[in-house]
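Engineer: Structure for this input, please:
(chains A, B, C and D)
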4 protein chains.
Amino acid sequence: MKRIGILTSGGDAPGMNAAIRAITRKAIHEGLEVYGINYGYAGLVAGDIFRMDESTVGDKIQHGGTFLYSARYPEFAQVEGQLKGIEQLNKFGIEALVVIGGDGSYHGALRLTEHGYNTIGLPGTIDNDIPYTDFTIGFDTAVNTVLESVDRIRDTATSHERTFVIEVMGRGAGDIALWSGVAGGAEAVIVPEKDFSMRKIADKIRAGRNRGKKHSLIILAEGVMHADEFAKELGEYGDFHTRVTVLGHVQRGGSPTARDRVIASQMGAYAVDLLQQGKGGLAVGIENNKIVSHDILDLFDAKHHAELSLFDLNNSISY
Amino acid sequence: MKRIGILTSGGDAPGMNAAIRAITRKAIHEGLEVYGINYGYAGLVAGDIFRMDESTVGDKIQHGGTFLYSARYPEFAQVEGQLKGIEQLNKFGIEALVVIGGDGSYHGALRLTEHGYNTIGLPGTIDNDIPYTDFTIGFDTAVNTVLESVDRIRDTATSHERTFVIEVMGRGAGDIALWSGVAGGAEAVIVPEKDFSMRKIADKIRAGRNRGKKHSLIILAEGVMHADEFAKELGEYGDFHTRVTVLGHVQRGGSPTARDRVIASQMGAYAVDLLQQGKGGLAVGIENNKIVSHDILDLFDAKHHAELSLFDLNNSISY
Amino acid sequence: MKRIGILTSGGDAPGMNAAIRAITRKAIHEGLEVYGINYGYAGLVAGDIFRMDESTVGDKIQHGGTFLYSARYPEFAQVEGQLKGIEQLNKFGIEALVVIGGDGSYHGALRLTEHGYNTIGLPGTIDNDIPYTDFTIGFDTAVNTVLESVDRIRDTATSHERTFVIEVMGRGAGDIALWSGVAGGAEAVIVPEKDFSMRKIADKIRAGRNRGKKHSLIILAEGVMHADEFAKELGEYGDFHTRVTVLGHVQRGGSPTARDRVIASQMGAYAVDLLQQGKGGLAVGIENNKIVSHDILDLFDAKHHAELSLFDLNNSISY
Amino acid sequence: MKRIGILTSGGDAPGMNAAIRAITRKAIHEGLEVYGINYGYAGLVAGDIFRMDESTVGDKIQHGGTFLYSARYPEFAQVEGQLKGIEQLNKFGIEALVVIGGDGSYHGALRLTEHGYNTIGLPGTIDNDIPYTDFTIGFDTAVNTVLESVDRIRDTATSHERTFVIEVMGRGAGDIALWSGVAGGAEAVIVPEKDFSMRKIADKIRAGRNRGKKHSLIILAEGVMHADEFAKELGEYGDFHTRVTVLGHVQRGGSPTARDRVIASQMGAYAVDLLQQGKGGLAVGIENNKIVSHDILDLFDAKHHAELSLFDLNNSISY
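Structural biologist: Numbering: from 1, shown residues only, chains lettered A, B, ... in the order given. Coordinates of the predicted model:
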């Protein structure tokens, strides 16, 4: 193998640039040539491909987003698009591929491998909703971004004795809510994986107030319901001076944390090792603090499990 | 004069604690005794008043919010409440007052002065919407908080070629939008003080795209309209992959910037000087980089003017 | 058991307050009473002990340092001091203790347990130099603090084509250097656990320059040598426009990261569980992403191992 | 006039990129062509000059440093170098120049104007040591960077009851020390513009201790003496558990604050206006919150004055 390609796909996540850098530098270190593919699978099919050297990835590690750009491209589910992509790879003499993205991106990676193109997937998403990895690239940064906002809102909540409902990202997963809830000292964390009783939450806020607590913070995962809806339902149990904040896309950006840069670097270098060994169709992850890989096929049968012990922990220490 | 009191009123703002600290320390330095009043005018009327010494305000300068808490208390517009407040002040032997807050707070300050209680107002609000001061305490912090979010959103906007509409605070004033717009390199800044043409904004975004620009950022002051509404109207001129973010209450919190701490300290110390000179009914501000004061009465006849030269500047450098 | 105590000892670390909060809240949740002990073992012996309730630990989770203060107190190595400490605990009816600190603190915890006082140790130190835990409370924050400085220095290094030697903390351990080196994209990471050749480092910098690289960053663990000394020795191999920065005590402070707050909360709650089960003489840690405990005695025979795979990783991707 | 050039010179400062962007965009907006000159006067003489368009300066506003690089080049004091520089400018058809940098850079700007090349200077330095401007580009960012470190050190100082001496930049000027000292609540600020008594400082720390104060922070301007030396001299008046931190080059980097980006944008656009009016030999500044310009010649006769009222203010509120 002499040439590999890299693309980022789906929603962008902080640390993607660190992963691209690690793959590129490690591959060149191993004597390979490296090509970047712009705009994910769309750029692959369109042939938006360019040679990268060690300098191309210089001064990128600290930046959020992905300098290879990303794009949604559902058309890649069709065989036709896949074959067109392979044609482009052949034209550039690229023999293997690393794809960084969410679970949608893994389908493409698997298809390419099935067509004979070894492709390795790296979990790049803030949502942490990918099976067989404890953490995805971008999750730690997103949680810390949320936390900064929670700390800020806490200031103003304290000054005015208010209840704040803060809606955070995560799609169907409660991970961002759980981590930022425990770290932010939220009175309640509402996640898709757990039922909740609005009445009990109202009781808890009321109990805190009676005890002299100046504010209540509720972290709501977007997968449960809209924050406005939540606030309205809560309002049926009393007036808690509730204010709503939807953090939105700020959660996707920002300079990646140390941890996201480190695991992105580890996973990127590991992907090159796997390709060097002639492997494909694998998803890289971190489990029990070790870099691992699994068949992508296995991921499709599996389900991501949020760390629900954090839910119970929060109930026992936040009140 | 031997004793002064301090209260914070209206929406909280970063730097209020720095102001409380400066007033307290400066007054003690001048041989005065200092009392804190919790929950603004509500606490004044209720007699929620306590003695502070130099340690009370220790390790507070770096924190957002106000450790004296704040509250809205429209009842203070009634003479009855004002007299009750003065009764409480008399009970504690407090002879003069400093009030930190927005323009609503100044009415109370003026009334108290008219009743014979010298009261000085300090401009504490993130909105910068107070006449006779170029900057309010909290404005610089709020602008930098917005800017951090704009920088984060820029990452993800670039990765995906999107248009972002970011709604910022400011009530009827465009100051936060103007400053964060220029500093954030926003393609458009929409403020209450200036008319705008949705068609021209759409043309500008389109022109940028044609030139290869990866993202467009629009900063929208809350005083104009809701961001969702704006995005909908913009959508009538084309599909710009528009996403909406309403920054909300994060803008009120956070550790104050150096500038907010410095002007809060200058204004706080200056207020004590004024009280020492037997003055009241004055609003402290910063004009042309100098700490000044004006009759509160003059403020009610005046209007705050946002720095609209920033609007023209932005048009000439952001495209 | 009805009453437990908490103290922090040794160098402070971000996240200690989150641990104190979790222990306190969890214990109260379990029906226990909780006492705080100021100034570590010194305060224990002096009887500087006070009752805490759920509010005592409110609004503390986001702050660096330790609100129970810390102190070095070598006298606690003497049996006399230990017995005096137990006398104080008896006086307050405190039946078990949680100690948060570095390895020095664990000796005291073990001695107390041997005297019949169940004591649990939590790893609170930025240095990450404690055996049987992959991460200590405070380490993640310190690494991110270093990283922020590295990113800042990168700006100015690029502008001027310079080589920067950045000395970081870690006592005898290279963990902070390794993590911040990989995350910061440092050309070289110098740690006590690995020999290095100054000539090879000089060659690497020179090779980067010849390739057009604008800056070189070297992260130096304090356990190796002083940065000034390092720069002087490097200077013998050529003029690399070297500048030295010793980050110093900024690394100990700051608001804890999400991860440090979460593991501090997990470990704190776990310590209460252990005490409830009548256990003592244990050190809590996190291994393979799970909260665990080990006999403190075992820790004294063991050695902390830095994640040296990061050293090799860095060599293969930073050049 | 059809073509202008831009260079950055001397030490880099956050906001230089914002200035380059504003000059470029404003000039293109006015129908001019713009050239960037790499590496300051050295690159000018060497002809390291390239055409820039509106995209060249895209996504630069948020980055520290200068993407045009900087260099010290004392040779430009010689007429020979100046004439060589003009020759290069002529070759590219560049008719006027904007130079962003410290006072050293202004000499070159004046010489070029004297040779018939209109050149405008912009004050780009963190040190704030330029006459006829209240603030330089980069100063606000540097002060906030220092402040973040002071806040961090405060955490650990409180935990351990220590005295910290923090050495900050500023060359011969005390501005960074004064602003960060007031904003950081430092017990003492030591600047070149004011004499100080080590004995009085020791007395103040002692008095604070006796009152129960947990920490003392001293901000020392580098223009006074080295922090180690200061700590040693302080030690002669008692043991204050003194620790020293030299913040160093982190102060030069980082994403510019809103204020630095705004004044850089204002000054940059103003410089283009001046060149359009056929003016040269002027230094742009901000005085009394207004963008102004002065003859560079006047600057050489003038002295920068630090805002020493902050020194007295700090004495009256920090104890």
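
Engineer: in the stretch 51-200 of chain A, which spans are strands?
Structural biologist: Applying DSSP state E, counting those that start in this stretch to the stretch 51-200 of chain A gives strands spanning A:96-101, A:118-123, A:163-168, A:188-190.

Engineer: can you redo those strands as a markdown table with mean neighbour count and distance to C:Asn210?
Structural biologist: Any C-beta I mention is one placed from the backbone N, CA and C, and that applies to glycine too. Shown next, in a markdown table, are the strands of the stretch 51-200 of chain A (neighbours: other Cβ atoms under 10 Å in any protein chain shown; distance: least, Cβ to Cβ, whole Å):
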| stretch | mean neighbour count | distance to C:Asn210 |
| --- | --- | --- |
| strand A:96-101 | 29 | 29 |
| strand A:118-123 | 29 | 32 |
| strand A:163-168 | 26 | 47 |
| strand A:188-190 | 25 | 54 |
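
Engineer: Adding distance to D:Val272 and mean pLDDT as columns, could you present those in CSV?
Structural biologist: Below are those laid out as CSV (distance: least, Cβ to Cβ, whole Å; pLDDT from 0 to 100):
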stretch, distance to D:Val272, mean pLDDT
strand A:96-101, 42, 98
strand A:118-123, 46, 98
strand A:163-168, 44, 97
strand A:188-190, 53, 98
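
Engineer: would you list those strands in JSON lines and tack on distance to chain C?
Structural biologist: Putting the strands of the stretch 51-200 of chain A into JSON lines (distance: least, Cβ to the nearest Cβ, whole Å) gives the following:
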{"stretch": "strand A:96-101", "distance to chain C": "14"}
{"stretch": "strand A:118-123", "distance to chain C": "14"}
{"stretch": "strand A:163-168", "distance to chain C": "12"}
{"stretch": "strand A:188-190", "distance to chain C": "12"}
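
Engineer: To B:Ala186, which of those strands lies closest?
Structural biologist: The closest of these to B:Ala186 is strand A:163-168. By Cβ to Cβ, the value is 24.3 Å.

Engineer: Remind me what the closest one packs against, helices and strands.
Structural biologist: Under the contact definition 3 or more Cβ pairs under 8 Å, 6 or more residues apart in numbering or on different chains; DSSP states H and E, strand A:163-168 sits against helix A:139-160, helix A:175-184, strand A:216-221, helix A:227-235, strand A:242-246.

Engineer: can you do 10 Å?
Structural biologist: Strand A:163-168 makes packing contacts with helix A:139-160, helix A:175-184, strand A:188-190, helix A:198-210, strand A:216-221, helix A:227-235, strand A:242-246 when contacts are defined by 3 or more Cβ pairs under 10 Å, 6 or more residues apart in numbering or on different chains; DSSP states H and E.

Engineer: Just name the most buried of these.
Structural biologist: For those, the largest average neighbour count (mean count of other Cβ atoms under 10 Å in any protein chain shown) is found in helix A:175-184, namely a mean of 30.

Engineer: Is any residue of that one near chain D?
Structural biologist: No. Helix A:175-184 does not reach chain D (Cβ under 10 Å from any Cβ of the partner chain); its nearest approach is 17.3 Å.

Engineer: so A:His160 touches B:Arg72, yeah?
Structural biologist: Yes. At 8.5 Å, A:His160 counts as touching B:Arg72 under the criterion of Cβ atoms under 10 Å.
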